[in-house]
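Undergrad: Just the structure for this:
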Amino acid sequence: MAEPETTDAPRAAERYDPQTIERKWQLVWDAEGTWEVANPGLPEFDETKPKSYVLEMLPYPSGEPHVGHLKTYAVGDAIAHFRRRRGFSVLHPMGYDAFGLPAENNAIQTGEHPREATEKSIASFRETFRRWGISIDWSRELGTHEPSYYRWTQWIFLKLFERDLAHRHAAPVQWCPKDQTVLANEQVIDGRCERCGTLVVQRKLEQWFFRITEYAQQLLDDFELLESWPENVVTMQRNWIGRSEGAEVIFRCDELGLDFPVFTTRPDTLFGATFFVVAPEHPLIEQLAAGTENEQSVRDYVDESARASAEERADEERQKTGVPLGREVVNPVNGERIPMFVADYVLMEYGTGAIMAVPAHDERDYEFARAFELPIRRVIEGTDAEQARDDEGLPYSGDGPMANSDRFDGKHNREAYDEIVAWLESDGRGKPAVNFRLRDWLV
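TA: Numbers count the residues shown, from 1 in each chain. Sure thing, here's the model as predicted:
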């Protein structure tokens, strides 16, 4: 008796044929408008269904779709399908972020006019997304380069301008000398332009900003209205807005007739300020350096700092660097003239972009003072256990009786805190202040 024929391969009739099967259903979806949803007021609009809006980040139409797009849109598509199965009316549109350097780079690489290169790329995205079977409402497709779209961004800008929520002033930007263009942070790779590899420099140019800081407190208050947000996400957002209470204190450079406001949460340590540091992006940095023996060194340092990310500069383990500015400011509590430096451990994103450096009571200031052999003056005493960092017991960040602080000697620093602020305010040298880490958005 013959052995029955066996095989591990499936019969041809059972083999999945994606080219035929998927294309068939994609055509059905297109014909029926399966994924389209109606606007309110139209007969097809279903008032009874809960609504859901699913939007992935719009892709740059600056080349061909790749596996990264598939990964992103597969997740979004799964969410859209899940919510439809749960009875939601799901709006899942499609758009293309078609302005900016990626579109320009694509046009240069293809040798085509930017509009032609962009339209070809969009056609490729459209065909590929349809072939993937992503459940897009194609009746809601848009591109940011289309006048029908950007007329509304222009309208919004004008409304913001009318309300003084769009303003313009000089600000430092990252600049590619070869391509003659401003670069966003993500377009700088290891300090070089992502397109041509040229070292980036810092340049001061007129820029537009949105005054989002006007809404900092409201944003914080409205977190109480959120429901079902993960606590860690709310905490992250609160930290990004970053509300701090303290004082604004004025240090003056008599030589140039300039006032430098400083925000500090520790006015009780003002008598311990032995030097002054401004961020490389500070708007007065060029004026401070002009005509000094360190003018070129400051410019070189500022350009070098522009190539480092904020995360790198804020790294506690990073070696502290800086350049003397050859200027001095007056400490308002004791009239002492203290030297000014530019250093990249100070960020424009916090406070005023300038700090009073108190090395005896701040870790970063302490490391900088040691590196540049600057005075370190203790103004708050503590217990022996609290002073155990090294032989000097510094830097010390705790509380205790004040020392080397003139009329406040012997007082507990927390008791003297408000007295110092009130004293400065009575003399016009300071005032209570609230600071937000949030900054106006550079367009």
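Undergrad: Apart from its neighbours in sequence, what residue is nearest A360?
TA: R378 (4.3 Å; C-beta to C-beta, 6 or more residues apart in numbering). Bear in mind the C-beta positions are built from the backbone N, C-alpha and C, glycine included.
Undergrad: Skipping its backbone neighbours, what lies nearest P65 in space?
TA: Nearest residue to P65 in three dimensions, chain neighbours excluded: T128, at 4.3 Å (C-beta to C-beta, 6+ apart).
Undergrad: Could you count how many residues lie near the one you found?
TA: Residues lying near T128 (other C-beta atoms under 10 Å) number 15.
Undergrad: any idea whether it is helix, strand or coil?
TA: Secondary structure state of T128, per DSSP: H, G, I helix; E, B strand; the rest coil, is helix.
Undergrad: show me where this protein has helices.
TA: Along the chain, counting by DSSP state H, helices occupy 18-32, 67-85, 101-110, 114-132, 147-162, 216-221, 231-241, 285-289, 295-306, 310-314, 363-372, 413-426.
Undergrad: sorry, back to before: OK, contacts around the residue nearest to P65?
TA: With contact set as C-beta atoms under 8 Å, 6 or more residues apart in numbering, T128 has these partners: E64, P65, H69.
Undergrad: What confidence value was assigned to it?
TA: Listed pLDDT for T128 reads 95.
Undergrad: where are the low-confidence patches of the stretch 301-443 of the chain?
TA: Within the stretch 301-443 of the chain, the stretches with pLDDT under 70 are 383-392.
Undergrad: Using a markdown table, lay out the helices of the chain together with distance to D344.
TA: Converted to a markdown table, the helices of the chain look like this (distance: least, C-beta to C-beta, whole Å):
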| stretch | distance to D344 |
| --- | --- |
| helix 18-32 | 54 |
| helix 67-85 | 33 |
| helix 101-110 | 25 |
| helix 114-132 | 36 |
| helix 147-162 | 32 |
| helix 216-221 | 25 |
| helix 231-241 | 21 |
| helix 285-289 | 12 |
| helix 295-306 | 4 |
| helix 310-314 | 5 |
| helix 363-372 | 11 |
| helix 413-426 | 29 |
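Undergrad: For S405, which of those helices is the nearest?
TA: helix 413-426 (7.6 Å; C-beta to C-beta).
Undergrad: now for that closest one, which elements pack on it?
TA: The contact analysis (3 or more C-beta pairs under 8 Å, 6 or more residues apart in numbering; DSSP states H and E) places helix 413-426 against strand 243-253, strand 430-436.
Undergrad: what pLDDT, on average, does the first one get?
TA: Looking at strand 243-253 alone, the average pLDDT works out to 96.
Undergrad: how far does it sit from the chain's center?
TA: Between the centre of strand 243-253 and the centre of its chain there are 23 Å (C-alpha atoms, centre = their mean, to the nearest Å).
Undergrad: Would you indicate which residues of that strand are buried?
TA: For strand 243-253, the neighbour count (16 or more other C-beta atoms under 10 Å) marks G246, A247, E248, V249, I250, F251, R252, C253 as buried.
Undergrad: Stretch 124-136 too?
TA: Buried residues in stretch 124-136, defined by neighbour count with 16+ other C-beta under 10 Å: F125, R126, F129, R130, W132, I134, S135, I136.
Undergrad: If we ignore the residues flanking it in sequence, what's nearest the third one?
TA: Leaving aside its chain neighbours, F129 sits nearest to I136 (6.2 Å; criterion: C-beta to C-beta, 6+ apart).
Undergrad: need the contact list for the one you found.
TA: W35, H92, P93, M94, F129.
Undergrad: Mind putting the residues you listed into CSV with distance to F372?
TA: Shown next, in CSV, are the contacts of I136 (distance: C-beta to C-beta, whole Å):
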residue, distance to F372
W35, 64
H92, 58
P93, 56
M94, 56
F129, 57
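Undergrad: Who wins on neighbours among these?
TA: H92 (25 neighbours).
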